[in-house]
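Student: need a 3D model of the sequence below.
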Amino acid sequence: MDEPVDVRIGRGQRLLEAVREDLDLYGVSELEERLEVLEAEARRVRAQIDKKRSGRAAADALFSPRAN
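Tutor: Predicted coordinates for the structure are as follows:
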């Protein structure tokens, strides 16, 4: 008997599955909860973007040629 193959889920795959989900199946309270989770995730993503931009700006400042 063959061993089960571990399926690797691609980066962002779960997000794509979530946004394609049929929302008609949810009640109002479930939709409100879902929205709260999505808003929290949006804040988390924005914070990560800010962090990466700050790191990039610091690296650019450190390694950019200086004007004489």
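
Student: report the helix or strand with the lowest average pLDDT across the protein.
Tutor: helix 13-19 (a mean of 92; mean pLDDT, DSSP states H and E).

Student: what sits against the most centrally placed residue in the chain?
Tutor: With distances taken as C-alpha atoms, centre = their mean, residue 45 lies nearest the centre of the chain, 5.5 Å away. Contact analysis of residue 45 by C-beta atoms under 8 Å, 6 or more residues apart in numbering lists nothing. Where you see a C-beta, it was placed from the backbone N, CA and C, and this is true even at glycine.

Student: just the element for it, please.
Tutor: helix 28-63 (DSSP states H and E).

Student: give me the mean pLDDT for that helix.
Tutor: The average pLDDT for helix 28-63 rounds to 94.

Student: against residue 35, how distant is residue 49?
Tutor: 21 Å (C-beta to C-beta, to the nearest Å).

Student: how about residue 5?
Tutor: For residue 5, the distance to residue 35 - C-beta to C-beta - is 36 Å.

Student: so those two - more neighbours on which side?
Tutor: residue 35 (10 against 6; other C-beta atoms under 10 Å).

Student: ok, that one - contacts?
Tutor: By C-beta under 8 Å, 6+ apart, residue 35 has no neighbours at all.

Student: and residue 31, by the same measure?
Tutor: By C-beta under 8 Å, 6+ apart, the neighbours of residue 31 are residue 23.

Student: one more: residue 16?
Tutor: By C-beta under 8 Å, 6+ apart, residue 16 has no neighbours at all.

Student: try it again at 10 Å.
Tutor: If you count contacts by C-beta atoms under 10 Å, 6 or more residues apart in numbering, residue 16 has them with residue 10.

Student: same check, this time on residue 44
Tutor: Counting by C-beta under 10 Å, 6+ apart, residue 44 makes contact with nothing.

Student: relative to residue 51, how far out is it?
Tutor: 11 Å.

Student: got it, and residue 8?
Tutor: Distance from residue 8 to residue 51, by C-beta to C-beta: 27 Å.

Student: comparing these two, which residue is more hemmed in?
Tutor: A direct count of neighbours by other C-beta under 10 Å for residue 8 and residue 51 places residue 51 higher, at 10 against 7.
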